[in-house]
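Undergrad: no sequence for this one, just the structure:
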C-alpha cells in the first residue's frame, strides 16, 4: 500500500516477483491500477487518503478473528514483545469519547501527559513552563526522543484483560473501524477488506510472515506518519516485526534517500537521528539536552556518548569538558525551518539567498508556482545540477522583473565521483569514480570542501565570539586527484569514529562500533549509527553476495545488522519460533545469542533476564524486549510520546476532500495540520463543489522525481514523452473529455494542462452512495528538457503534517475540463 | 528439414564475420575467442560457445513493464530515440519494433467495464499453503483442463478482464529465417550462435527482408543510413562472453538468455507450473512444443520464443507465421500453367493457321 513498487523500484521488485512465483500473495491497494497492481495477486482500488481507515479495519478484523485469539503464538509475541500489557494513565480519553480529539487537547495543541504509562512522568513534564513547551513543540517540527521518565516501572497485565492495558485501549479505539464502516470511507468493499485481512492473518504466525511495503503514497499526507504507525500496529499484532520475511519496508533509496536522513540534510536532525538543539530550555545545556533527549533505558540512554563524540568530531580540541564539548557552538532551532517556511520567507524578503543541490522546487515543490515566485524574489541563487533544470532558469519569464542573480554550477554525475549509497534496507554500498569530470564539472563534495575552506579563510582573523564555531570546526580532509577532491574515504573514517588520543606514530585508531563511544571526549564519531563501517577497512566496499541476507555485501547499520529487532525472531524463551523461520536464537551452551545475522540485542543478555530499571541503559532492558530504540524495549501499539497528533492513529480526511467522514463530525481533518494561509496558497476546502474530484500524483518508471536526470535523456524521454493525466472512461464521458485531447486541471493555486489518458485502470468509486472520481497525474514534467509539460505541483498546496512537515500531494482535490489552459 | 543449408548466402559466413569482429586490423586474432572468463556465466548462468544455438525465452508473465530492456538495447547499440510523441496507446509510446528500436515493450490493457468489482476471490484455504507444486502436466493440456478452475489464490495479474499485460518483443531469430532467404546481397547471414545478422557493409537497403519478415521486425532506416537494421542478439557482446544487454538489464528475469534447447526445457517447466495454477500458458515459437494457440513450425521454430497467456494476436504476433518463399511453389506452378496454356493456345492458333 502507498507504493508503486514495480514502477518506482523495479530492481527491488524482482524479489517480490520471485516471492509471488514461490507462492506468496502480493496485495496491492492503491487509487490507481498501476504496473504494480498488474503484477499483484490481489488488487483493491482505494480512495486516496483513506489508508488509516483501511488499515484500522484490518486491525479490527484481526483482533476479532478466531485464529488471532486462539493461536498462542500471537498472545506470546504481543504480550512479551509489545507494550500491549502496559497500563495507561487513568485520565486518558480516546477520540471516540471526545468526538475526534484525544485527551490533552488545548485548543491548538496537545499536552500529552494523559497518554503516559500509568505512574510515569517524562522529565520534560517537570519543566515549569510545560504547557508553553507543548505549544511551541507542537508548532515547530521537532519532538523529543524524550524517553527519560521518572516513576515506574509502569504496571503490566500479561493476561491482557485489564481494560486500561494498551491492547484493550487500542481495541476500543479501532472498534469503530469495522470493514463496513471502512468500506463507506475507502470505497473498497467490506468483503474485500475482510479477505485481505484474512489473507494476512493466514500468512502470519510461527511458520509464516507478511511484509508491508510503502513509499510516498503513505508519507505524503497530513496524516502520513500516523498511516505508517497504523501499519506498525498491524504488523506487531501479527507478529511480523523482527522476523525474516516480515517487517515494514519503507521504499526509499533514490539513490540514497535513506543515507540523507541517517546523515541528514534535514534542518532538525544531526547525524544518527540526534535532534538538533532548539532554543527551548530543555536544550539549554548539554546536561539538559541529554536529560530530555536521552532514554532512561535502551539505546537512547547513550545519547551523551553519541553527542559528545559528535561534538569531538566537529570541533576537535576546541571541544573540552569545561566548555560542554562546545555544545554551544551548535546553532539552535528557533522555529519551523522546514521546506515551506523557507519559501514563505523568500516571498516576505526575509531570505535572500538559496543554494540548491540536486533539488528542483519549481517542479518538485508543492505549489510550485509559489516556489517559483519565491525564488524570483531572492537576491542570489546557486544551482548545482547536471542539466539546466527549471529552478536554474527562474529568471527566464520576464527577466526585466527578476533581480535574482543566478549561478548555475555544473555538477558531477555519480560515475564521476567516489561515495556511498545507503539503500532502503540500510545497506551502505560504496561506489568508485569511473572517470574524472570534464572541464568545470565538479563533485558536490569538492564544492562543499572548497567553499568551506574559503569561508574559513574569510573568518580566520575574526575576533568575534560568534565566529568561533566557524574557526573551531575541524576541516582537515586530504585531497586527491587532478581536481583536488576531498578524500571521501577520510570522511567515512571520521563517520566511523576514532580515539582522540592517537596511537603509536600519531596514527588515528578507529573505534570498532558505537559501543566503544565514550562521553568523556576520548572518542570522536561523525555518526554513531554508522559506527563500525570503517574499523580500518571500508566495509561498505565488500561485495560478497549470497542468496539470502548477504552479510558480506556492503555494511548495514547498525553494526551490520541486516534485520532490525531480530531478537523477536525467537520466542520469549529465546527459541526459534519455528524451523522455517529460524533466524537469531539463544544458545544456552554458548550463553549468547547466535544466528545467521548479527543479533540486534545485547549479545549475552539472557532471554529470562528481568532487567534492572535502576541500572539504566541496556542493563535496564529485560531479555524479552527486542525494541531497543524504545525505553521500555517494547514495540508500541500505543505511543505515549513521539507523535504530536495522538497516541493512536485516527482517520482524518485529507486537508482537501470531497467527502465528509462519518467517524467523527468534527474535526474532519487532522486538527494539528500545518497550514500556510498566505497569498498564493489558497485551499480548496472540504466538499467544495468547485473542486469535486480527488487528485493524486504519481511517478513513472521512465522518469525520476522532478526529471532533472531523465527529461534530458532521449532514451528515457521517448518512452514517456509528455505530461498526461489518467481519467476513467466514465468521467471522460460525463465531461466530454476525449482520449489524448487536452484537459486543464484547476485548484485554488492554479491551473495545469495535459493530455488525457482515458483508461479503465481508473474506476469511479462509490463512497456513501456517492460516485467519487479520482484522477492521477505524474509529477515529473516541467518546462525544460527534451520533453516538457506543466508541473503537477502547480496544483498542489503547501500543507503539511505536524510531525515531520510532509506535504499532501497524494490526496487533494481539483476540477477538470476539456481544453487548454488560458 | 528444408531450410537454411540450401541457400548459397549462408554457405560460408562464419570465418568472414569472425575475422571482422575479432581483429582490429592485420591478421585476425582468435587467441581470446571465446574468452576464458565469461561474464555470461555470472549473469546468465551459461557459457557462450560458438556452434550452439542461442536465443531468448521471454516470459511475459514475469514482465513488469519497466522497459529496462528497451533502454539497455538502445544504449548498448547506440540507437537514436524516435519521435517524442504521446501515443495514447497505454504506456507504449514507441509503438513498434523499427530500424532504431530493436526491443519494444507492448502494453495491453484488458479491463471489463465491471473491473475490480466483485472479484471472485477464493476463500483462503490454509491447508493449501504453500501451494503450487511443480507438477508437470506433460506436453498437452489435460482433457479436463479448465482455465481458472485450479486457482488457490486470486492471481489477479492473470485474470481476464482485469489485467494489464506487458510483452517485450524482439527479433525472433527464426531458425528458417524468411529475411535471410529474401536477401539478394547475402548481407543477412546466420552466425556461429545461430542468430540472424544483417551485415551493414553488404546491405544495399533494398528492403526485400522487410516484406519477407512475418513479424514486422526488420526495418530499413529511411531517415538514417538507408540500410536494414534489427536486433543482432548482441553479436558483439556474445563474442566477448557477455549475454545480450536486454537480458542482462531485465530485473525480473522475464527475458532469459541461453542455449535454445536449455531455454525450451526451462519454458516447459514454467508452462507446467502455470497450468498447475490454473493459468492457460503456452509457448509461442518453440517449434511445436506446448504451442497451443499457434504454429511456428513453418519457420522451423524461433530461437527467440515467448510464453503467452492470451491469443497470439493480442500480442501482435501472427498465429501461423508464414514464409513468403513457401508461397512461391504455387506461384511458380500457376506461372508454369499460364505459360503452358499460352504455348498451347499459340500452338493451336498456329495449327489452325496451318490448317487453313
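TA: Structure's in. What do you need? Every value quoted in this text rests on a predicted model; they were computed, and no experiment measured them.
Undergrad: Now do the longest helix seen in chain B, average pLDDT.
TA: The longest helix of chain B (DSSP state H) is helix B:328-355. Mean per-residue pLDDT for helix B:328-355: 80.
Undergrad: Tell me how far it lies from the chain's centre.
TA: Here helix B:328-355 is found 43 Å from its chain centre; the criterion is CA atoms, centre = their mean, to the nearest Å.
Undergrad: How about residue A:785, nearest residue that isn't a chain neighbour?
TA: By the measure of CB to CB, 6 or more residues apart in numbering or on different chains, the closest residue to residue A:785 outside its immediate chain neighbours is residue A:711, 3.2 Å from it. Every C-beta, even on glycine, is put in place using the N, C-alpha and C of the backbone.
Undergrad: distance of the one you found from chain B?
TA: Relative to chain B, residue A:711 is positioned 10 Å away (criterion: CB to the nearest CB, to the nearest Å).
Undergrad: for stretch A:327-347, how far is the first residue from the last?
TA: Length of stretch A:327-347, first residue to last, CA to CA, to the nearest Å: 33 Å.
Undergrad: List the buried residues for that stretch?
TA: For stretch A:327-347, burial by neighbour count (16 or more other CB atoms under 10 Å in any protein chain shown) applies to A:327, A:329-330, A:333, A:336-344, A:346-347.
Undergrad: out of these, who's nearest residue A:467?
TA: Comparing the buried residues of stretch A:327-347 against residue A:467 with CB to CB places residue A:329 closest, at 10.6 Å.
Undergrad: OK, contacts around the closest one?
TA: Contact partners of residue A:329, counting by CB atoms under 8 Å, 6 or more residues apart in numbering or on different chains, are A:311, A:314, A:315, A:318, A:468, A:469, A:472, A:473.
Undergrad: which SSE is the first one in?
TA: Put plainly, it is residue A:311. helix A:303-315 (DSSP states H and E).
Undergrad: So what touches stretch A:201-214?
TA: Contact partners of stretch A:201-214, identified using CB under 8 Å, 6+ apart, comprise A:1-3, A:5, A:16, A:24-25, A:61-62, A:65, A:67-68, A:71, A:73-74, A:200, A:227-228, A:231, A:234-235, A:238-240, A:243-251, A:577-578, A:580-581, B:124, B:126, B:129.
Undergrad: returning to that earlier point: which other helices and strands contact the very next helix or strand once past the helix holding residue A:311?
TA: The C-terminal neighbour of helix A:303-315 among helices and strands, as given by DSSP H and E, is helix A:339-347. Counting contacts by 3 or more CB pairs under 8 Å, 6 or more residues apart in numbering or on different chains; DSSP states H and E, helix A:339-347 packs against helix A:368-375.
Undergrad: if we can go back for a sec, and for the residue nearest to residue A:785, the neighbour number?
TA: The tally of other residues near residue A:711 (other CB atoms under 10 Å in any protein chain shown) stands at 28.
Undergrad: Can you flag the buried ones in the contacts of stretch A:201-214?
TA: Listed as buried from these are A:1-3, A:5, A:16, A:24-25, A:61-62, A:65, A:68, A:71, A:73-74, A:200, A:227-228, A:231, A:234-235, A:238-240, A:243-251, A:577, A:581, B:124; burial here means 16+ other CB under 10 Å.
Undergrad: Identify those among those residues that sit within strands.
TA: Of the buried ones among the contacts of stretch A:201-214, the ones assigned to strands by DSSP state E are A:248, A:249, A:250.
Undergrad: Could you list the domains of the chain?
TA: Just so you know, I chose chain A. Following automatic domain parsing, chain A resolves into domains at A:5-81+A:183-257, A:566-626, A:674-818.
Undergrad: look at chain B instead
TA: Split by automatic domain parsing, chain B gives B:4-322, B:331-356.
Undergrad: If we go by neighbour counts, what in stretch A:504-512 is buried?
TA: A:510, A:511.
Undergrad: tell me which of the ones in strands among the buried ones among the contacts of stretch A:201-214 is nearest to residue B:202?
TA: Proximity of these to residue B:202 (CB to CB) peaks at residue A:249, which lies at 53.3 Å.
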